[in-house]
Structures are given as C-alpha cells and as structure tokens.
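**Q** below: sequence and its predicted model.
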Amino acid sequence: AEVRGQAHGRRALEIAAAGGHHLLLVGAPGSGKTMLARRLPALLPPLGQQEALEVTQLHSLAGLLGEGAGLRRQRPFRSPHHGCSAAALVGGGALPRPGELSLAHHGVLFLDELAEFRREVLDQLRQPLEEGELWISRAQQRCRFPCRVLLVAATNPCPCGWYGDPSQSCRCGEAQRRRHWGRLSGPLLDRIDLQVVMRRPEAHHLGGAYREGAQRPPAGEASAVVAQRVAVARLHMGQRNPAGAANGQLEGPALAAIVNPEPDALALWERAISQRRLSARGAERVLRVARTIADLASAERVSGAAIAEALSYRSFDQVA
C-alpha cells in the first residue's frame, strides 16, 4: 500500500504513528482525509505480547471474538458513526461494557465527520484521551477500561465543505461556520497534537495520470518505507523514555528530561507561546511533536527546524 495525499498530510501521519500523537485532518471533500487515516495502521509496529493480550481481553468482553479465536495480532482500527451515543463511544450500560474508545486500545480510533458528532459526546473523550484509561461507575461496581489510543479525526471546514477552497465558493454564512466549529470545544482541540489543513489535488495532477503517454506523478513513499522509519523511532523512544512510553504520552518532568532543545529552538518555542497565546498543554504538545520529529531524524537534540515544523501542525491556534 502507498501512503498518498499531500506532503504535509503524509508527514503528519508519519509523526502521529511514530510518537502516538493525536491528529486532526481538515479539508474539503476529496482532499484525501479518510484515505490518509486508513493508511495509519500500516505504519504502526505489530502488537507486542502484552498488548495483544489486553486487546483480546477487551474484544472478548465486548463479545467480538468468535469461538476458538486466538490472540488479536493486528492493531485495532475503529471507526464509529457520527450519530453514535456516548455509551457506544466511551462505554457504559447497566452492566458496563467497553465502547469504541476502549475497543481501539493500542490501535486507532478514527472519527470521521468530527464536527457532526454531538458536542456532549465528544467532550467525554477529553479525560480518557489524557489518562489512557476510563472508569465507569455504577451503584454496585466500578470498572476500569484501558483506552491508550491514537485518535485520528477528519472534518470539513464548514457545513458545505468548501470554505477556504481556491476553486469552489463556500455557501455558508459566518454564523453557520461558527456553529459548525462550536461543536468542537477548545479543550478537546487543545488535546490534539497535530492539526493539519488538507488541500484537494489540482485537476492537472489528477488528469495527468490518464493522458496517453503521460508519466504518472510520483506516488510518494511506500508504507513499508515509512513504517521502517517509524519502527526505528519507536525503538529509540522505548529505550529512552520512562516505562518505554511514546513521546505523545509524556508529561511534565518526564518530557523535560528528554526534550534536550538547542538554544535557538527554546527561544523560538518561547516566542511562539507568547505570540500564539498557547496554553500550557498546547505548548507542551509542541515540544512532544518536535521531539518526535527529531527522533525520526535520529537527532539527539531538538533543533529550531523541528520546533518550526511542530508549530506548522498547530493550524487552529490562529484560526480559532
């Protein structure tokens, strides 16, 4: 399989896979958001033995394992419909059962048409995404479901889908666009490390592949090539980070101990916090992404270029 799409989106996908960073793709219909998201499992390393046990237990509890089924060896990819209830997404019921969030444990939770989900449903993701586990309390029992997931979300920029597109006019008014984005709370967006605006490919790029005698445009790197870089970066993180955690899971002192920024990188980061008015959580996430970019390049220190690239994936600090 090939990881196709625009270069910025492909690069964001690689960073998300390497560091376990949450990813939001925003773009007009046909810009490749869903296609990119579905390529993500191919970039992730295979499940370890303990991870496979945890995934299999959760799927067994949800009744998703057939008779005689063995360990789940593939990372889950769950894609719930935007009309699902809170119980279906995060879990619940009289006898608590895991929802889509926990069924994606150690895998990918893909929320297509993110802005079509009900806000009260999406807001229930905030704490579990941060902590990697979900507690469901009932009168006589309290259940813990692990949910260490890689969240990938996709949405159109407005109800009609064409806001900001250079070749199509948006039919939405300002109030409609505000209502569209109003379903996504600031605290939820703040927890998404990579926020990427996708653009549709130009007509001549699409048509060039079908003209007689035309040379096909470059398809980009094969998924296996990108997956190898991701595997090397993850191996380095596992050897260096506390408890072998991915960079996207590190907080506070643990993150400070491994970032190791160059002086110009630290100065650029501080300026960005002031100019973009980043929250403490958002500023920390920039450092996590920059550390992953450095790991993909096998660099010991985080450079100013890595900070600048990490900042380029914070599209909605300014748009919001």
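**A** Here it is on my side, so go on.

**Q** C-alpha only now, for contacts and for neighbours.
**A** Fine.

**Q** contact partners for the residue lying closest to Glu113 once chain neighbours are set aside?
**A** Counting by Cα to Cα, 6 or more residues apart in numbering, Glu113 lies nearest to Thr155, which is 4.6 Å off, once chain neighbours are set aside. The contact partners of Thr155, by Cα atoms under 8 Å, 6 or more residues apart in numbering, come to Leu24, Leu25, Val26, Gly27, Asp112, Glu113, Leu114, Ala115.

**Q** ranking these by neighbours, who comes first?
**A** The most neighbours of any of the contacts of Thr155, using other Cα atoms under 10 Å, belong to Leu24, which has 28 neighbours.

**Q** sheet-wise, list the partners of whatever helix or strand that residue lives in with their directions.
**A** Counting by DSSP states H and E, the secondary-structure element that holds Leu24 is strand 23-27. For strand 23-27, the paired strands and their directions (DSSP bridges) read strand 150-155 (parallel), strand 194-198 (parallel).

**Q** for that strand, which outside residues touch it?
**A** Looking at what lies outside strand 23-27 - Cα under 8 Å, 6+ apart - the contacts are 9, 12-13, 16, 33, 151-157, 161, 192-200.

**Q** ok, then the element right after it?
**A** Tracing the chain C-terminally past strand 23-27 and defining elements by DSSP H and E, one meets helix 33-39 next.

**Q** His8 - how many residues pack around it?
**A** 14.

**Q** just how off-centre is the helix or strand where it lies within its chain?
**A** In this structure, His8 sits in helix 7-19 according to DSSP H and E. The offset between the C-alpha centroid of helix 7-19 and the centroid of the whole chain comes to 9 Å, using Cα atoms, centre = their mean, to the nearest Å.

**Q** and the strands in the stretch 1-150 of the chain?
**A** Ranges of strands in the stretch 1-150 of the chain, per DSSP state E, counting those that start in this stretch, are 23-27, 77-78, 91-92, 97-98, 108-111, 133-137, 142-146, 150-155.

**Q** possible to save these as a markdown table with mean pLDDT and distance to Ile307?
**A** As requested, the strands of the stretch 1-150 of the chain are exported to a markdown table (pLDDT from 0 to 100; distance: least, Cα to Cα, whole Å):
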| stretch | mean pLDDT | distance to Ile307 |
| --- | --- | --- |
| strand 23-27 | 93 | 17 |
| strand 77-78 | 96 | 30 |
| strand 91-92 | 85 | 37 |
| strand 97-98 | 90 | 37 |
| strand 108-111 | 96 | 26 |
| strand 133-137 | 89 | 30 |
| strand 142-146 | 90 | 31 |
| strand 150-155 | 96 | 22 |
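
**Q** mind putting these into CSV with distance to Ala265?
**A** Supplementary listing: the strands of the stretch 1-150 of the chain in CSV, determined by distance: least, Cα to Cα, whole Å:
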stretch, distance to Ala265
strand 23-27, 23
strand 77-78, 36
strand 91-92, 42
strand 97-98, 42
strand 108-111, 31
strand 133-137, 33
strand 142-146, 35
strand 150-155, 27
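
**Q** Leu278 is nearest to which of those strands?
**A** Counting by Cα to Cα, Leu278 lies closest to strand 23-27 out of the strands of the stretch 1-150 of the chain; the figure is 17.6 Å.

**Q** Pro242 against Ala254, yeah?
**A** Yes - between Pro242 and Ala254 there is a contact at 7.0 Å, judged by Cα atoms under 8 Å.
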